[in-house]
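> What follows is a predicted protein model with its sequence.
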Amino acid sequence: MLTTHPFDDDKLKEECGVFGVYNVDDAAAMTALGLHALQHRGQEAAGITSFDGNEFHTHRALGHVAGNFDQEEVIGRLKGRMAAGHVRYSTSGGTSLRNVQPLYADLSVGGFAVAHNGNISNAEKLRKELVRRGSIFQSTSDTEVIIHLVATSGFRTLLDRLIDALKQVEGAYSLICMTNEGMIVCRDPLGIRPLVMGKLDDGNYIFASETVALDIVGAEYIRSVEPGEMIVASHNGLTSHHPFPKQPSRPCIFEHVYFSRPDSIVNGSSVYSVRKAIGAVLAEEIPVEADYVIPVPDSGTPAALGYAEAANIPFELGIIRSHYVGRTFIQPGDGVRHLGVKLKHNANKPLVEGKRIILVDDSIVRGTTSLKIVQMMREAGAAEVHMRIASPPTSHSCFYGVDTPEREKLLASRFTVEEMCDFIQADSLGFISIDGLYRATGEKERNQAQPQHCDACFTGCYPTTLTDLDEVEQPNQLKLLNEQVVRSERT
Ligand SMILES: O=P(O)(O)OC[C@H]1O[C@H](OP(=O)(O)OP(=O)(O)O)[C@H](O)[C@@H]1O
Ligand SMILES: NC(=O)CC[C@H](N)C(=O)O
Ligand code: SF4
Ligand SMILES: [Mg+2]
C-alpha cells in the first residue's frame, strides 16, 4: 500500500486537497483525475463520494489516488453526475479509515457529505459539548464536528444549518459539501486555505483546492471562492452567499512558498512567478559570491532560478533527485532512517567539486534536509557551501491544516540564525525577510497592524483564537505559575 514518504515523519507535511464536480457525466472519474493533480497535498488517504439523484456512494481508502481509484469497477460503483473527493494529510485524528474523507451522514434533512481542507482550532471543545448533549462520533477527525453541528442545528434548511454550524467553528476550512439538492462549497471568513472554481461548459461547475486540478480535466478557471463566501450549485444554477461579517482576508503565505504546485494560480498569482520573485529578493537581501546556484529539489527549484537570474550566477543541477523514491510507504527501522535524504537526493559530484555553491531551499523545518544536503555537497568536494532559504525561519507550528512538528522541534524555535548555520554546518545561512516575502507576493511590505496573509509559522501572529491549544496550555501555564509561587514562597 502506498501512503506517505518513509522519511517525512519529521517534516512539514502538506495539508489536504479537495475537489468537487456538479452536473457532469462520469463525475467520479473526473474527481479521481482532479485528485491526481492534488496528490502532493496529501498522501495518507483518498476518498470520493458521489450522488446519483437518489443515493450517495462512497469509496474511501488509505493510500494514494492511483492504486485506489484505478479500477473501472471502483469508479463504476460511484454513480452520478455530482461527486466530491479528498486527499488527506491528517491534522486532527489519526490515519485510520474512519477518518478518511469525504465524511458522510444521513441527517433529518437528507444526506450530507463533506470534504475539508483545513483544521478547526476549537474542534475538541465543540466535540466535548456535542458528546455531552448525546452526539455519537464515528471518527476522531475535527471535520466530523461540522456534521454534528449541522445535524443538531435548530434551523430548517441544510444551508441555514451549515451557516449556523460554521458560525460556531474557529480555524481554517475550505469545504466541499454535497446534499440531496446539490453542492455547497465555502471558505472560512479569513480565506486561510485556498479554493477555486471553474467550469467545463455552461451549467456545470468544478471546485478544487488548486487550479492544477482544473487543468487536468480541461476546465476553465473562473475565479477563487472568496474568503467567507458560500456557493450553492443546484438545479437553480449558482448562488453566492456571504453569511459572515466581512473582515480582511488572511490567506496562507506558505501556499506560495511550498504547498501549492508551481503551475497553480493561488489567490490570483502564479505560484511559479512568486517563487522566482522570492529567489530574486533573496539574492538582493543576502548576496554571496559563488560559482553556482543549486536548487534543493523539488520545491527549491523556482526560487533558485530566481536567485540565479537576479545574482547573475549560473544555475546548475548539483543535486539530482530520484523520482523512484517517491513517497512509497516503507517503515524503516531507526538504523536506516537517517539514510532518507540520501535515498532521495544525490550529489552531482563532477559539477560541484572544487566549486563555491549556493544551495536554495524553500524552508527549514527541523533542519534534517539542510544538514544532510550540506554534508553531501562537502563530501562531493564543494569548496564553499552557502545556504539560502526562500522563507523566513519557521519558528511556530501551524494549527490551520498543515501538520507541522511541535514548536520545540522546529530548528528556528530553538536557535538563532547563526546557531542554525552551525547546526547545518554551512559556510553561511540566510533567510528571506518577512517583508521581502511579502514583496515577492506583490505587496509593498507586511502590514504590521493588519497582515495581508496568515504568516503565523514565521511570526507567531495567529489570525484566530486557538481555543483547544489555549485550553491545553492554560492548565500548564497555571501549573508553571503555581510552581513559581511555590518556589518564591520557599526562597
Ligand atoms: O528541515 P526539514 O525538516 O528537513 O524540512 C524542510 C524540507 O522539507 C521539505 O522538502 P520535502 O523533502 O518534504 O519535499 P519536496 O521534495 O517537495 O521539496 C522542504 O522543501 C524542505 O526541503
Ligand atoms: N490537512 C487537512 O486539511 C486535514 C483536514 C482535517 N483536519 C483532517 O485531519 O482530516
Ligand atoms: S501557520 Fe503557516 S502554514 Fe499555517 S496557515 Fe498560517 S502561514 Fe500557512
Ligand atoms: Mg524540499
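Now that the structure is in, tell me what you want to look at. Ligands and ions are numbered 1, 2, ... in the order given.

> Please identify the residues of the stretch 301-450 of the chain in proximity to ligand 2?
Within the stretch 301-450 of the chain, the positions near ligand 2 by CB under 6 Å from any ligand atom are residue 401. Yep, even glycine has a C-beta here, placed from its N, CA and C like the rest.

> By proximity to ligand 2, which residue of the stretch 301-450 of the chain wins?
residue 401 (3.7 Å; CB to the nearest ligand atom).

> Same question for the chain.
Closest to ligand 2 within the chain is residue 16: 3.1 Å, counting by CB to the nearest ligand atom.

> returning to that earlier point: can you report how many residues lie near the residue of the stretch 301-450 of the chain closest to ligand 2?
The tally of other residues near residue 401 (other CB atoms under 10 Å) stands at 27.

> Surely it is in contact with residue 16?
Yes - contact criterion CB atoms under 8 Å: residue 401 and residue 16 qualify, at 6.5 Å.

> Low-confidence ranges, the stretch 201-350 of the chain, go.
Low-confidence segments of the stretch 201-350 of the chain (pLDDT under 70): 325-341.

> that older thread, can you tell me the SS state at the residue of the stretch 301-450 of the chain closest to ligand 2?
Three-state call for residue 401 (DSSP: H, G, I helix; E, B strand; the rest coil): coil.

> What's opposite the residue of the chain closest to ligand 2 in the beta bridge?
Residue 16 has these beta-bridge partners by DSSP bridges: residue 88.

> my read: it touches residue 100, true?
No - using CB under 8 Å, residue 16 is not in contact with residue 100, being 10.8 Å away.

> what residues do the two have in common as contacts?
Residues touching both residue 16 and residue 100 (CB atoms under 8 Å, 6 or more residues apart in numbering): 86, 88.

> and residue 209, what are its phi and psi?
Main-chain torsions, residue 209, degrees, to the nearest 10: phi -60, psi -40.

> In the stretch 51-200 of the chain, mark out all the strands, start to finish.
Along the stretch 51-200 of the chain, the segments classed as strands by DSSP state E, counting those that start in this stretch run 56-62, 82-88, 103-107, 110-120, 171-179, 182-187, 196-199.

> swap in the stretch 201-350 of the chain?
Applying DSSP E, counting those that start in this stretch to the stretch 201-350 of the chain gives strands spanning 205-208, 220-224, 230-234, 237-241, 265-266, 269-270, 292-295, 319-321, 345-347.

> Rebuild those as TSV, extending it with distance to residue 377.
Formatted as TSV, the strands of the stretch 201-350 of the chain follow (distance: least, CB to CB, whole Å):
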stretch	distance to residue 377
strand 205-208	38
strand 220-224	40
strand 230-234	49
strand 237-241	52
strand 265-266	31
strand 269-270	30
strand 292-295	8
strand 319-321	8
strand 345-347	6
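
> Ligand 3 is nearest to which of these?
Per CB to the nearest ligand atom, nearest to ligand 3 of those: strand 265-266, 11.6 Å.

> From the rest of the structure, what touches the closest one?
194, 196, 210, 211, 221, 251, 255, 256, 260, 271, 274.

> out of those, which one sits closest to residue 204?
Nearest to residue 204, judged by CB to CB, of those is residue 221 at 14.2 Å.

> Please tell me how far that closest one sits from residue 158.
Remark: distance between residue 221 and residue 158 (CB to CB, to the nearest Å) = 28 Å.

> what about the two, which has more around it?
Higher neighbour count among residue 221 and residue 158: residue 158, with 23 against 16, using other CB under 10 Å.

> State the distance from that one to residue 208.
As judged by CB to CB, residue 158 and residue 208 stand 22 Å apart.

> go on, residue 19?
Residue 19 is 5 Å from residue 208, by CB to CB.

> can you check residue 315 too?
For residue 315, the distance to residue 208 - CB to CB - is 32 Å.

> Check residue 444 too.
Per CB to CB, residue 444 is found 31 Å from residue 208.

> Looking at those two, which is more packed in?
Neighbour tally, residue 444 and residue 208, criterion other CB under 10 Å: the higher count belongs to residue 208, 34 against 9.

> picking that back up, let me see the contact set for the residue of the stretch 301-450 of the chain closest to ligand 2.
The contact partners of residue 401, taken as CB under 8 Å, 6+ apart, are 15, 16, 91, 117, 118, 119, 172, 192, 193.

> now swap in residue 85 and tell me
Residue 85 sits next to 18-20, 31-32, 34-35, 46-49, 102, 115 when contact means CB under 8 Å, 6+ apart.

> Go again with 10 Å.
Listed by CB atoms under 10 Å, 6 or more residues apart in numbering, the contact set of residue 85 reads 17-21, 27-28, 30-36, 38, 46-50, 59-60, 65, 69, 78, 101-102, 115, 176, 208, 213.

> next one: residue 208
So residue 208 contacts 17-21, 31, 34-35, 37-38, 85, 174, 176, 185, 194-198, 214-217, 219, 221, 225, 264 (CB under 10 Å, 6+ apart).

> Mind checking which of these are buried?
17-21, 31, 34-35, 37-38, 85, 174, 176, 185, 194-198, 214-217, 219, 221, 225, 264 (16 or more other CB atoms under 10 Å).

> between the contacts of strand 265-266, which is nearest residue 457?
Of all the contacts of strand 265-266, residue 255 has the smallest distance to residue 457: 11.9 Å, by CB to CB.

> okay if I get the strands of the stretch 201-350 of the chain as a markdown table plus distance to ligand 1?
A markdown table is the format used below for the strands of the stretch 201-350 of the chain (distance: least, CB to the nearest ligand atom, whole Å):
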| stretch | distance to ligand 1 |
| --- | --- |
| strand 205-208 | 20 |
| strand 220-224 | 24 |
| strand 230-234 | 31 |
| strand 237-241 | 35 |
| strand 265-266 | 16 |
| strand 269-270 | 18 |
| strand 292-295 | 10 |
| strand 319-321 | 7 |
| strand 345-347 | 8 |
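
> ok, is stretch 364-374 in contact with ligand 1 or not?
Yes - for stretch 364-374, a contact with ligand 1 is found by CB under 6 Å from any ligand atom, at 364, 365, 366, 367, 368, 369, 370.
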